[in-house]
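Participant: predicted coordinates and the sequence they were generated for:
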There are 2 protein chains.
Amino acid sequence: MLENIDLSKSIGKKEYEELMDDFGIRMGELQRKAWKMGIPVMVVFEGWHASGMAEIINRFLMPLNPMGFELYTTGKPCPEEENRPLVWRFWTKIPHRGKIAIFDRSWYKRALVEHLHEDAADDAITKCINGLTYFERQLADGGYLIIKFFLHISKEKQEERYEAIKKKGIPLLLVKEEDGEIASRYERNLPLIERMLEKTDIPQAPWTIVESDDLNFGTIKVIKTFIWALEEKIKTAEKENSGPDMQGKESAVSRPLSPSVLEKVDLGKSLSNHKYKELKKVYQKELGGLQFDLFRQGRPAVIVFEGWDASGKGGNIRRLAQIFNPRLYKVIPTGVPSDVELAHHYLWRFYRHIPEAGKITIFDRSWYGRVLVERVEGFCSDQEWRRAYGEIRELEEVLANNGTIIIKFWLHMDRDEQLRRFRERGNTPYKQWKITPEDWKNREKWDLYEEAVDEMLQRTSTSYAPWTIVESNDKFHSRVKVLQTVAETLKRELNAPDKSS
Amino acid sequence: MLENIDLSKSIGKKEYEELMDDFGIRMGELQRKAWKMGIPVMVVFEGWHASGMAEIINRFLMPLNPMGFELYTTGKPCPEEENRPLVWRFWTKIPHRGKIAIFDRSWYKRALVEHLHEDAADDAITKCINGLTYFERQLADGGYLIIKFFLHISKEKQEERYEAIKKKGIPLLLVKEEDGEIASRYERNLPLIERMLEKTDIPQAPWTIVESDDLNFGTIKVIKTFIWALEEKIKTAEKENSGPDMQGKESAVSRPLSPSVLEKVDLGKSLSNHKYKELKKVYQKELGGLQFDLFRQGRPAVIVFEGWDASGKGGNIRRLAQIFNPRLYKVIPTGVPSDVELAHHYLWRFYRHIPEAGKITIFDRSWYGRVLVERVEGFCSDQEWRRAYGEIRELEEVLANNGTIIIKFWLHMDRDEQLRRFRERGNTPYKQWKITPEDWKNREKWDLYEEAVDEMLQRTSTSYAPWTIVESNDKFHSRVKVLQTVAETLKRELNAPDKSS
C-alpha cells in the first residue's frame, strides 16, 4: 500500500492557512453534531518515526473542543497492561458515545513491537492480526467510526528530520530504544508493515496513507479525510434512524431448530450432606494449591457463572472464593449497566475486568447477558444479539490465545425448585432482600429464557471455552460439581500432578 | 501505640463460627443500608508482614455482596503512579457513594517504602505525613467513613509463620524484596511505624490495632470494629438528615470585609495588533523550548484558567497549547459533573488529571468551581464551600511539595465588554453554539460572582500557587500576559537561561 505513493505533494503557507480557517469551523460543527447524535469516533495515527506525527496531531486538535476528545499516547505498557491481551489496554480506552478518542500510535505499533517480529511464526502473526481486526470490526458494528492514518515519508525526509531534531537537542518523548530501532530499520520493516496494513485494511476501518514529507499537505489530508468520514457516518446514521425498520426484517429470519441441550440434563442428581462435606474438603484443599501453580505459571483464568435466578450462583462462588488468596482473585458481579457503561460498547465493561497473568476473575453473570436478558427483554436489537454469538466467541478466542483458562458454568434447575427457593427467600428475614419483583417477572418468561439459554449453549461452546452444565436442583451436587470442574480443569491446563485420588 | 498490647488473645473454632454466622448477616444488612444511604466506606489494612492479612481480608469479604465493594492490593506503583504525588493513586480509587473500597496495604505502606526512610529529613517526613492526613480528613469531611486496621503480631509469631510459608512453598504475592526487607527489620522499623501511627491517628480516621497472633480473634475484632463504626456512621448520618439545619446557622457567620482585589484591576490595558503579533511570537518560541526543559527536569506543571464567561479562556488556551507537543500537555475542560463524578468527593475528578512528572495539564475551569459556581448557585452547602478554601490550599500544597509548578489565571473583564462579546457571538453563525441561556443567567448574578471571585483570590493565593489576574477587556493584552507569565514562571522555576530579551 505504500508503494508508488507520490511524496512530493505540498501546500504553501497562505493556502494552508485559508484552508484551515474553513476546515476548522467545519470540524467544530461536525464534532457538535456527532456529540448530539451520540456517534463515538476513534482516530488512529501510525507512521514512520519522524513523520511529523506530533505536529500533525496538534494541528488536528486545535479546532476541536477539548470537552469532546481524549488523546492517548501509546508508549511502553504498564505491567498491568503487559499482563493482559494486547487489545485490553485499548478496549479500556474506547470513547464514550459522542466523543472522540485519538491514538498517537496505537495497537498497531504495539503489535509490531510486541508480536510481529520478523521471525514470529506465521500462526502467531495471524492470531495477532485476527485479534486486531476483531477489535475494530466489533466496534464498527457497534456504531463506532474508526479512521486510521498512516503517515508516510521518504527515507531522505526521515534522515533530514533526524538531523534537525539532533541539532535542536529536542528530547525523544516516546520509548527511545524501540523507536530508534524501528527507525533504523526503515527498509527492513517495510514488508512487515505493508503486510500489516494490507491485512487490516478492512471495509469497516480502512487505512488512509498520508503523504507527510510536507506537513501542510499531510495535515490537510488528515483533516479532509476526517471531515469526509464523519460526514458520511452522520449521513448513514441519519438514514438508519429515519429509514424503514431493518431490525424487524432481520428478526424474521427463522431460528435454528436443533435438539434442546437442556432437555437432556438429569436434574435428579444429588449428594448427601456427609458426602458433600467430604468432597468439598478434598477439592477446596486441592484448589488452595492450584491457585499458586496458576500464579507461578502466569496463566490467567476466567470463571463465568450463569444460571437461573436462585440457582445458587452466589453460594457456589463463595465456596470457591473462600479458599483463594484475595490477592489472586476478583469477583465481578454483573448488574444493570450504569449510564457510563451504556454509553460504551457492551463488551467494554467486561474487558475492564479481564484478569492479568496469574490471576482469576470470577464473573457472576457476564457478557452472556447480551444473548440472555438483553435478548429476552428486548434491551438490544435482534441484529445485535444475533451478532453477539460471534463476538463472544472472538472475545474468548482472544483470551484463550493469550493463555487464559476459561471455565463457564450454566447452573440449571427446574421451575418447581425455583418456586420453592423464591418462597423460602421470602419467608427468611435475612434473605428477603435477595428476592425482588424482578425475579418473579423473569420467572414468567421461563420459556423464552430456556430458548435463549439453549441457543447460547449451542453457539458458544468451543474447544477453548466449553460450557459445563451444572445440575443444581440439589445444592450439594451443584457445589461439588463446580469445585471439581474448576480443580480438574486447572490441573489439566497447568499440568499439575493429581493429588485428589 | 503498639506497646503493651496483649497478643495472647484467641477464640476457639466453634465460638468463632457461631459469631461469624451472626456477624455475617449483620454485615450484609449494614452494607445494604450504607448503599441506600449513599455512605462511601474505606477500609484500610496495614500490619506486619506475615500478620495473616490475606486470610483476615478474605474472611472479612465473604459476608459482603461483591456488587458493593472493590478490593485494591497495593504493590509497587506503575510508572504513571510513580510520576505523581503519592496520594494520587489512592484518590483515583476512592469509592463511589454507597460502596466500600478495601485496601490490602495502602498509602501507609507506600509512604514507608517511598518516603519515610530512617534517614529521611524531618521536614520531608512531616510533609509526607501531612499529605496523608489531608487526604483522610478531606474525605471524612466529605462524608467518607474511614476505618483503619493495623494487624499486630509478635516477633515469635512472625518467625513461626515464615517457617510455615517456606515449608509449604507458597509464593510471595506482593513485591518481594521490599516485604522481605521490611520484615527482616521488625525491630528497627518499630519506632518509625509507631511515629506514623501516632501522627495519623486523627479523630476523623482513627487506627484500630488488631491482635493477630490468633487469626480467629483478629478476624472477629476487625468485623466487630467494622460493624460498630458503620452503625455509628449511619446513626450520625440519619441525625444529620433529620436534625435542625446546621448549615443555616453556619452561613450566618459574617463574611470578612477586606478591600476588593478586583476593584484595583486596571482594565484599560491594551496592545496593538502589531505589538501583539511580535510579542506572541517571542513568547511562543520561548515556550516551545521551555516545555522540553520541563520534560528533561521531570517537573510537572498545572495551569489553571478561571474567568468570566466570554473572557477568552478558550482562545488563550489555544494560543498556549498550539506550541506544545501533544505528548506533553493535556487540556482538561471542566463542565457539569457526570453522575459518576457526583457520586465521588468533588476533588476526585480533578485528581485524575494531575500531570505526571515532565508534563503539563491545562485546566479550563477547575476545582475553583467549588467556591465560584457551586457557591453562587447553591450546588453545595455553605459549610462545604467555606471548607473548600483550606482543602484547595492543601491540594495545591501537596502538588507543590511534589515539585509541581502551579500557574493560576483569573481572566478579568467588565460587564460592558462581556455584553459586547455575548452579542457578537449571537450574531456570528459559527460562534452561536458558544452562547447559551445559561450564560445570560450567570450574567445576572454578576455581583454575587464578583464577591465570590474576590474572596477566592484572597484566600487561595499562596507562595506556592499565586494567582495572576489578567486584564482581559483587550484580547491582545490578555493573550500576551498569559504567554509571558507562563514563560517567565517556567524559566524561573526551571532556572532556564533568559532568551527573551
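Facilitator: Yep, that arrived. Numbers count the residues shown, from 1 in each chain, chains lettered A, B, ... in the order given.
Participant: the residue nearest to A:A229 when sequence neighbours are not counted: neighbour count?
Facilitator: Leaving aside its chain neighbours, A:A229 sits nearest to A:I147 (5.0 Å; criterion: Cβ to Cβ, 6 or more residues apart in numbering or on different chains). Glycine gets a C-beta too; all of them are placed from N, C-alpha and C. A:I147 has 22 neighbours, counted by other Cβ atoms under 10 Å in any protein chain shown.
Participant: residues in contact with A:I147?
Facilitator: By Cβ atoms under 8 Å, 6 or more residues apart in numbering or on different chains, the residues touching A:I147 are A:V41, A:M42, A:V43, A:V44, A:A205, A:T208, A:T225, A:F226, A:A229.
Participant: quick check, A:V376 in contact with A:W446.
Facilitator: No. In this structure, A:V376 is not within contact of A:W446 by Cβ atoms under 8 Å, at 10.1 Å.
Participant: who has more neighbours, the two?
Facilitator: Using other Cβ under 10 Å as the criterion, A:V376 and A:W446 rank with A:V376 on top: 18 against 13.
Participant: so which helix or strand takes in that one?
Facilitator: For A:V376, the element it lies in under DSSP states H and E is helix A:373-377.
Participant: give the other helices and strands that that helix contacts.
Facilitator: With contacts taken as 3 or more Cβ pairs under 8 Å, 6 or more residues apart in numbering or on different chains; DSSP states H and E, helix A:373-377 sits against helix A:382-401, helix A:446-459.
Participant: about what we covered before: let's see which of the contacts of A:I147 end up in helices.
Facilitator: Per DSSP state H, helices hold the following members of these: A:T225, A:F226, A:A229.
Participant: top of the residues you listed by neighbour count?
Facilitator: Result: A:F226 is most packed of these (other Cβ under 10 Å), 24 neighbours.
Participant: for the residue nearest to it when sequence neighbours are not counted, name its beta-bridge partners.
Facilitator: Distances taken as Cβ to Cβ, 6+ apart place A:I147 nearest to A:F226, at 6.0 Å, with adjacent residues excluded. Beta-bridge partners for A:I147, by DSSP bridges, are A:V43.
Participant: from chain B, how far off is A:I147?
Facilitator: 17 Å (Cβ to the nearest Cβ, to the nearest Å).
Participant: let me see the confidence value for that residue.
Facilitator: As predicted, A:I147 sits at a pLDDT of 98.
Participant: and if you look at A:P259?
Facilitator: At A:P259, pLDDT is 64.
Participant: what's the answer for A:P95, then?
Facilitator: 97.
Participant: show me what contacts A:Y134?
Facilitator: By Cβ under 8 Å, 6+ apart, the neighbours of A:Y134 are A:V87, A:E391, A:E394, A:L395, A:E397, A:V398.
Participant: okay if I get those residues as a markdown table plus pLDDT, distance to chain B and neighbour count?
Facilitator: Output for these, formatted as a markdown table (pLDDT from 0 to 100; distance: Cβ to the nearest Cβ, whole Å; neighbours: other Cβ atoms under 10 Å in any protein chain shown):
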| residue | pLDDT | distance to chain B | neighbour count |
| --- | --- | --- | --- |
| A:V87 | 95 | 19 | 23 |
| A:E391 | 96 | 25 | 22 |
| A:E394 | 95 | 27 | 18 |
| A:L395 | 96 | 22 | 25 |
| A:E397 | 96 | 27 | 18 |
| A:V398 | 95 | 23 | 23 |
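Participant: what about the nearest residue to A:E70 once chain neighbours are set aside, distance to A:V44?
Facilitator: Closest residue in space to A:E70, ignoring its immediate chain neighbours: A:A101 at 5.3 Å, by Cβ to Cβ, 6+ apart. Here A:A101 is placed at a distance of 9 Å from A:V44 (Cβ to Cβ, to the nearest Å).
Participant: and if you look at A:G335?
Facilitator: Distance from A:G335 to A:V44, by Cβ to Cβ: 33 Å.
Participant: and if you look at A:M27?
Facilitator: A:M27 is 17 Å from A:V44, by Cβ to Cβ.
Participant: out of those two, which sits in the more crowded spot?
Facilitator: A:V44 (24 against 21).
Participant: correct me if wrong: the more buried one contacts A:F149.
Facilitator: Yes. A:V44 lies in contact with A:F149 (Cβ under 8 Å); the separation is 6.6 Å.
Participant: what is in contact with these two at once?
Facilitator: By Cβ under 8 Å, 6+ apart, no residue touches both A:V44 and A:F149.
Participant: show me what contacts A:I234?
Facilitator: Contact analysis of A:I234 by Cβ under 8 Å, 6+ apart lists A:L30, A:K33, A:A34, A:M37, A:I39.
Participant: end-to-end on stretch A:44-53?
Facilitator: One end of stretch A:44-53 to the other measures 11 Å (Cα to Cα, to the nearest Å).
Participant: avg pLDDT for stretch A:278-286?
Facilitator: For stretch A:278-286, the mean per-residue pLDDT is 96.
Participant: lowest-pLDDT helix or strand in chain A?
Facilitator: helix A:246-251 (a mean of 43; mean pLDDT, DSSP states H and E).
Participant: how about the strands in the stretch 201-350 of chain A?
Facilitator: A:207-211, A:301-307, A:329-333 (DSSP state E, counting those that start in this stretch).
Participant: state the distance from the closest residue to chain B within the stretch 351-500 of chain A to B:D21.
Facilitator: Nearest residue of the stretch 351-500 of chain A to chain B, counting by Cβ to the nearest Cβ: A:Y430, 4.6 Å away. To B:D21, A:Y430 is 10 Å away according to Cβ to Cβ.
Participant: report whether A:A101 is found in a helix, as I expect.
Facilitator: No. With DSSP: H, G, I helix; E, B strand; the rest coil as the criterion, A:A101 is strand rather than part of a helix.
Participant: let me see the contact set for it.
Facilitator: Counting by Cβ under 8 Å, 6+ apart, A:A101 has contacts A:P40, A:V41, A:M42, A:V43, A:F69, A:E70, A:Y72, A:K93, A:I94, A:P95.
Participant: and with 6 Å instead?
Facilitator: Applying Cβ atoms under 6 Å, 6 or more residues apart in numbering or on different chains, we find A:A101 in contact with A:M42, A:E70, A:P95.
Participant: same thing with A:H353?
Facilitator: By Cβ under 6 Å, 6+ apart, the neighbours of A:H353 are A:I332, A:T361.
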